[in-house]
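Asker: Next come a sequence and a model predicted from it.
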Amino acid sequence: MRIAIGADHAGYTLKQHLIGVLEQDGHEVIDLGTDSEESVDYPPICAGVAKKVVEGEADRGIVLGGSGQGEQLAANKVKGARAALCNCLYTARYSRLHNDANVLSMGARVVGTGLAEEILKTWLETEFDGGRHARRVEQLAAIERGELP
């Protein structure tokens, strides 16, 4: 799987760790930065990750920051992105099962390295359930297109 990943300064160390995990598992990683713990603005990085996914250059995306909140918000500004903040295994599983999330957001100051690895594995391995959930995902897309209130 091709996975785009990006982080701000707070998520840098976790990003570097997860890149190693992803590559060890045979995934192709597209690293969109940042490249240090020096303070940076996260919106362009996270939007860049989401754009890679939406445009088909990556199968999935990962955005990391201190809490993951702003990173999720920035990624979701890209039309077609469905970024989910997952700081536990339950939200990781259901963001894929029910929402077909294509971008994972995590907070490096919220989850430890071991839990982050478990969240990542759960999120990557969980398939979208489809069915009634597909209708709801399509309604989200319709909202983006301005077809629903």
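Answerer: Structure's in. What do you need?

Asker: How about the contacts made by the residue most central in space within the chain?
Answerer: When the chain is reduced to its mean C-alpha position, the nearest residue by C-alpha atoms, centre = their mean turns out to be residue 104, at 2.1 Å. Contacts for residue 104 (C-beta atoms under 8 Å, 6 or more residues apart in numbering) come out as 60-63, 83-84, 86, 92, 95, 119-120, 123. The C-beta positions use only the backbone N, C-alpha and C, and glycine is treated the same way.

Asker: One more pass at 7 Å, please.
Answerer: Taking C-beta atoms under 7 Å, 6 or more residues apart in numbering as the criterion, residue 104 is in contact with 62, 84, 86, 120, 123.

Asker: Check residue 46 too.
Answerer: Contacts of residue 46 (C-beta under 7 Å, 6+ apart): 6, 63, 71, 74-75.

Asker: same thing with residue 129?
Answerer: 97-98.

Asker: hmm, try it at 10 Å
Answerer: Contact analysis of residue 129 by C-beta atoms under 10 Å, 6 or more residues apart in numbering lists 94, 96-100.
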